[in-house]
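# Return a 3D structure for these sequence lines:
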Amino acid sequence: MSDLFPPAPTTPSLFAEPGPTTVRVIDVETAGHRLEEDAVIEIGSIDVDLATGAIGNPLQTLCDPGGVAINPHARKVHQISDAMLEGAPPFAEAVRPFASAGLYAAQRASFDRSRLRLTGRWLCTYKLALRAFPQVRAHGLQSLVKYVPLDLSEVRPMLQGLHPHRALYDAVCTAVLLRTIAATLMPRCHDVDDFLERAERVSNEPALLARLRFGRHKGVALAEVPDAYLEWLLREPGMEADAVFTARHHLRLRSVRGARQMPATAV
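Take a look at the predicted model:
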């Protein structure tokens, strides 16, 4: 696990005040277009205190898409109708209650962050789950709920009347996921501040994949993928950043482990 969640390259000050431990876990549903053409139509959030594990303060709102048509494929997923959006506030007004936090988390943070444009520190639970639970067969939110598995019994009242892919439902599940990730990785850390420093760094890096998503070794655990194939990934022009980052990580790890092997005893 140390190679999956290494220490942050900073030295904590002996005199530093403890930082905030509450994370606002947030999720958006959108019209389903490219970023430049998209519109947020729903925001949901829930706060989780990583020091105590407490989850609370649910917030949710629909948003007027401002004339942007909802993609039929997106509508099929989140099931938000035009009638539901009638009278909803515009995005600039709807987002204000969510903007009071300095620390946010989302399952695919780059997606939510780019659309909400909220300033602060951001954690990506997808990238963190890959570090905490590399053995799980898939790392989408509902796959993690099923295969980690996540215990949602405490938060069931908050999920009443909702379903997966509604913003508050997904935010609540993601909060339980983040709390479970923290419980798994925190023993490697000095304190919550140290965990957050490491988690933020991981969240800003490409994803460290557990398995390749394409090619000859699709679905194979990275530990079983030959060096030659990983080296090919590094040379291949236009290769996705997550695959390159993952290949480089495993080649470097194998090199370090090989260097530490004891020499063979002379006969």
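
# now the helices: where do they sit in the stretch 1-150 of the chain?
Listed from the start of the chain, the stretch 1-150 of the chain has helices (DSSP state H, counting those that start in this stretch) covering 72-78, 82-85, 91-94, 109-116, 125-132, 141-147.

# For the fifth one, name the packing helices and strands.
Taking 3 or more Cβ pairs under 8 Å, 6 or more residues apart in numbering; DSSP states H and E as contact, the helices and strands that helix 125-132 lies on are helix 109-116, helix 167-185, helix 192-204. Every residue, glycine included, has its C-beta placed from N, CA and C.

# from the helices of the stretch 1-150 of the chain, which stretch is densest packed?
Mean neighbour count, computed with mean count of other Cβ atoms under 10 Å, is highest for helix 125-132 among those, reaching a mean of 24.

# related to what we said a few turns ago, out of the helices and strands packed on helix 125-132, which is the most enclosed?
helix 167-185 (a mean of 23).

# So for that one, mean pLDDT?
Average pLDDT, helix 167-185: 98.

# before we move on, back to that, out of the helices of the stretch 1-150 of the chain, which is closest to residue 59?
Taking Cβ to Cβ, helix 91-94 is the member of these nearest to residue 59, at 10.2 Å.

# Pull the distance from the closest one to the chain's centre.
24 Å (Cα atoms, centre = their mean, to the nearest Å).

# Quick one: residues in contact with that helix.
Residues outside helix 91-94 that contact it (Cβ atoms under 8 Å, 6 or more residues apart in numbering) are 39-40, 43, 61-64, 66, 88.

# mind redoing it with 6 Å?
With contacts defined as Cβ atoms under 6 Å, 6 or more residues apart in numbering, helix 91-94 is touched by 40, 61, 63.

# now these as CSV including neighbour count and distance to residue 170?
Formatted as CSV, the contacts of helix 91-94 follow (neighbours: other Cβ atoms under 10 Å; distance: Cβ to Cβ, whole Å):
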residue, neighbour count, distance to residue 170
40, 24, 14
61, 21, 15
63, 25, 16
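
# between those residues, which is closest to residue 114?
With Cβ to Cβ as the yardstick, the closest approach to residue 114 among these comes from residue 40, at 10.6 Å.

# low-scoring pLDDT stretches of the chain, where are they?
Judged against pLDDT under 70, the low-scoring parts of the chain cover residues 1-2, 8-17, 258-267.

# and with 90 instead?
Residues of the chain meeting the criterion pLDDT under 90: 1-20, 100, 213, 223, 253-267.

# re earlier: for the helices of the stretch 1-150 of the chain, which one sits closest to residue 256?
Counting by Cβ to Cβ, residue 256 lies closest to helix 125-132 out of these; the figure is 17.9 Å.

# hmm, who's touching the closest one?
Defining contact as Cβ under 6 Å, 6+ apart, one finds that helix 125-132 is touched by 4-5, 105, 107-108, 139, 144, 174, 177-178, 181, 184-185, 199, 202-203, 207-208, 210.

# How far away from the center of its chain is that helix?
Centre to centre, stretch against its chain (Cα atoms, centre = their mean), the figure for helix 125-132 is 6 Å.

# ok, back up a step: in TSV, list the helices and strands packed on helix 125-132 along with distance to residue 218.
As requested, the helices and strands packed on helix 125-132 are arranged in TSV below (distance: least, Cβ to Cβ, whole Å):
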stretch	distance to residue 218
helix 109-116	23
helix 167-185	25
helix 192-204	24
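
# Of all those, which one is nearest residue 18?
helix 192-204 (6.2 Å).

# tell me the angle that closest one makes with helix 109-116.
Orientation of helix 192-204 against helix 109-116 (axes from the mean of the first three to the mean of the last three Cα atoms, to 10 degrees) gives an angle of 90 degrees.
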